[in-house]
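Colleague: I'll drop the sequence and a predicted model, then ask my questions.
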Amino acid sequence: MSRTGRIRLFLCAAAVIAVAYTLACTGLPHFGSAVHPYGARAVAATLKQRTANTISSINFDQRAFDTLGEESILLGSVLGVTALLRRTDEERQSSERGARVLPSTRLFGTLLLPVALLTGIYIVAHGQLSPGGGFQGGVILATALHLAYVAADYRALDRIRPRELLDGVDAVAAGAFTCLGLAGLVVGAAYLKNVLPLGTFNTLSSGGMVPVINAAVGVEVASGVIVLLAYFLDQTITTGPTTSPTITTSPGGPDGTEPSDTSEATS
Amino acid sequence: MNGVATLTEILVMLALLLVAVVATIAVLTRDPARQAVVLAVLGLALALLFTVLQAPDVALSQLGVGTAVTPLLILLTVRRMRRGRPEPDEGEHAEDGGDR
């Protein structure tokens, strides 16, 4: 198709979408209104399940199956990164030079690391009560750990980060979410139904299944993001340049797929 | 009562404007390393917008993923790609990235 033809086609499609989108937007509920049809129903269901944080109730109870799909996406991306960024034969491991760190940076990192870890744990633990939850807290936990790299060097980070263990923990936590759903089937209800005792409203143990699934998601996200960043950092910091000038050499060659490469990366 | 509502609206308006400005800068920035930094600022602006719109859960996610993890992954990838290329200023780039 010629250039003008393509532009004409785009303008026609854009005009149709503009009209349809404008018409659709006029039918939406008013922006920022006090009453919303979905909001009212969700809040009523949340109060019935004695969960203080509506968002967590929607994520881990009312629409837990959606969240299971989202967690599977994260697990899938971690798996993909693990498969793609493993060290191949063509890449050699370069010894990392000890980087000099400013004393103020070292102090900042050392002081902030425990505070950040505590913040992450707090946000995971209070997911059913206050804003936050497994996903947000997990990301905070994962990034907090990397303050060790800022404060010291890569070797210090490697020491406090047992990657093979976290690899397994990530999979187990993702599996735990899936298996927790089976509890509903065992008692004769639907998959992922909230079957645990609901507890007292606005306490740590309230919400039945919500805190349990929330904790599983927290562990999964934290270990997943740590493993994800570990493979990226490994490629950047401890892997030397490839022997060939471009890095587009096929890593899936006949001699580049030994499983021992992965374990070698952590040594 | 009326005054409070107007103030919230002004805050939402300012946050939206900030997001639009930073997002435009992110699109106009061509260097991937600089773009990662602008992306982090955009994540911060979006977190601010979500907070003003009373969505603290989404704001926290945005802060963690959009401001910390995504720019870090981009910076690490950029540094790795530059090191793989035989460039005369190879060492200089590696030092630049090493500060993160």
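Modeller: Arrived safely, thanks for sending.

Colleague: could you use CA atoms for every contact and neighbour count after this?
Modeller: Fine.

Colleague: quick one: end-to-end length of stretch B:55-73, please.
Modeller: From its first residue to its last, stretch B:55-73 covers 26 Å (CA to CA, to the nearest Å).

Colleague: need the residues that contact that stretch.
Modeller: A:55, A:131-133, A:135-136, A:139-140, A:143, A:229, A:232, B:36-37, B:39-44, B:46-51 (CA atoms under 8 Å, 6 or more residues apart in numbering or on different chains).

Colleague: return the distance of the spatially most central residue of chain B relative to A:L84.
Modeller: Note on chain B: the residue nearest the mean C-alpha position is B:A40, at 2.1 Å, using CA atoms, centre = their mean. For B:A40, the distance to A:L84 equals 26 Å [CA to CA].

Colleague: same question for A:L157.
Modeller: Distance check for A:L157 against A:L84: by CA to CA, it reads 22 Å.

Colleague: can you give me phi and psi for A:L28?
Modeller: In terms of degrees, to the nearest 10, the main-chain angles of A:L28 are phi -70, psi 160.

Colleague: so what pLDDT did it get?
Modeller: Predicted confidence (pLDDT) for A:L28: 82.

Colleague: before we move on, back to that, higher neighbour count, A:L157 and A:L84?
Modeller: Between A:L157 and A:L84, counted using other CA atoms under 10 Å in any protein chain shown, the more crowded position is A:L157 (18 against 13).

Colleague: may I ask which helix or strand encompasses that one?
Modeller: Assigned by DSSP states H and E, A:L157 belongs to helix A:154-159.

Colleague: buried ones in the helix or strand following that helix?
Modeller: Once the chain leaves helix A:154-159, the next helix or strand it forms, by DSSP H and E, is helix A:163-186. Of the residues in helix A:163-186, A:163, A:166-167, A:169-171, A:173-174, A:176-178, A:180-184 count as buried by neighbour count, 16 or more other CA atoms under 10 Å in any protein chain shown.

Colleague: give me phi/psi at A:V101?
Modeller: Phi and psi for A:V101, reported as degrees, to the nearest 10, are phi -120, psi 130.

Colleague: in this structure it contacts A:Y149, no?
Modeller: No: with contact defined as CA atoms under 8 Å, A:V101 and A:Y149 do not form a contacting pair (10.0 Å).
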